[in-house]
Each structure stands twice: as structure tokens, then as C-alpha cells.
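Q: Pasting the sequence and the predicted model now:
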Amino acid sequence: MTQKLLFVCLGNICRSPSAEGIMNHLLQQEQLTHAICCDSAGTSSYHIGAAPDRRMAAAALRQGIVLTGNSRQVQPADFATFDWILAMDRQNYEDLLRLNRTPQSSPKIHLICDFCTAHNDQEVPDPYYGGASGFDYVIDLLLDACTGLLHHLQPQVASRHRSR
Ligand code: 4NP
């Protein structure tokens, strides 16, 4: 069974589309695109329909990662649909707990930085009102977090495929 991951930030134009693009990039490298699928969403309605922020897309492209998609807001059904819901910061995490109407889904919600191995950050900083270096830092941090998350998921994915 395919594992479904949802990456969540505030606007769904900077951090969560980056996490989605990075994880898809890693899945292609590891030939695991059949086993894990990714989406992203925002807790706010601020940018619904918008493409990823140009500054964020440029920073991603500097690492060879293409950002795709258009902003959408988190929906109640997401808590049932997805297996892993990864918040970029604590505010996103709290908002997700509040938006979730199915308490049994709460254990699916995690802070993505919990999967970092090289960085000590607990949150992915919001780059929207900052300078160019903030966007590059988001990519660095998310490469670390997504690599750690993929290593965490790989045994589960492997055993699910063996047991089919
Ligand atoms: P994101 O960044 O949550 O990483 O997509 C932001 C995008 C827009 C705003 C804030 C953060 N905003 O306030 O419009």
C-alpha cells in the first residue's frame, strides 16, 4: 500500500511545496515513487491557487529541485486520506491539531524537523518576509529532514512490499 505524505505550512507557497518537491526528488533517486506519494497544503487561505513563490522556486532550482503545484488549504478529509502529516513549524502543528475533527488521526501529525539528523532546528523558519539566504536555508534544512523521514519510512515501505 502506498504511503501518503502531506506537507503543511501557512501559505503553501514556500516551505511545504519545497518539502514536497524535495521528497519527490529523493523518491526518484531511490526509485521509490511507487511506494510513497506526496502532496502539500496550507493552514491559511491566503494564497489559494497560487504557484510556489518565485524566490523559493529559485532556491530549490539551485539544488536541482523543481517546485510544482498550486496552493490549496488543508481540508478535513486530509486527516483521513494521508498517513503522515508533516508540519513545518509549531504554529502549523497547533493549527493542524485544531483543524483535525478526527482525534484518532492526531498521531499522524508531526513536526518535520523531528526527522533532521544534521540540524538542531525544531522548526522550518518562515522565509516569506526575509532575504534570499532564508530561502536557501529552508532548502538545506528540508533536504536533511526529508532524508531522515525517508530513512524512517523505508523499512515500513520495504516490509509492506515484501508482504504483498
Ligand atoms: P509558507 O510561507 O507558509 O512557507 O508558504 C508564507 C507565505 C505567505 C505568508 C506567510 C508565510 N503570508 O503571510 O502571506
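A: Good, I have the coordinates.
Q: CA atoms for contacts and neighbours, from now on please.
A: OK.
Q: Secondary structure element holding residue 152?
A: helix 132-162 (DSSP states H and E).
Q: what comes up buried for that helix?
A: Within helix 132-162, the residues that count as buried by 16 or more other CA atoms under 10 Å are 134-136, 138-150, 154, 157.
Q: Could you do stretch 90-106 as well?
A: Buried, per 16+ other CA under 10 Å, within stretch 90-106: 92, 93, 96, 97, 100, 105, 106.
Q: quick one: residue 148 from residue 52, how far?
A: Counting by CA to CA, to the nearest Å, the gap from residue 148 to residue 52 is 24 Å.
Q: Return the helix or strand in this structure with minimum mean pLDDT.
A: Using mean pLDDT, DSSP states H and E, the weakest-scoring helix or strand in the chain turns out to be helix 132-162, at a mean of 91.
Q: helices or strands up against that helix?
A: helix 15-29, helix 54-62 (3 or more CA pairs under 8 Å, 6 or more residues apart in numbering; DSSP states H and E).
Q: Any residues of this protein in contact with the ligand? List them.
A: Contact residues (CA under 6 Å from any ligand atom) of the chain with the ligand: 9, 10, 11, 12, 13, 14, 15, 46, 126, 128.
Q: mind putting those residues in a markdown table, pLDDT and secondary structure included?
A: Converted to a markdown table, those look like this (pLDDT from 0 to 100; DSSP: H, G, I helix; E, B strand; the rest coil):
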| residue | pLDDT | secondary structure |
| --- | --- | --- |
| 9 | 98 | strand |
| 10 | 98 | coil |
| 11 | 98 | coil |
| 12 | 98 | coil |
| 13 | 98 | coil |
| 14 | 98 | coil |
| 15 | 98 | helix |
| 46 | 98 | coil |
| 126 | 98 | coil |
| 128 | 97 | coil |
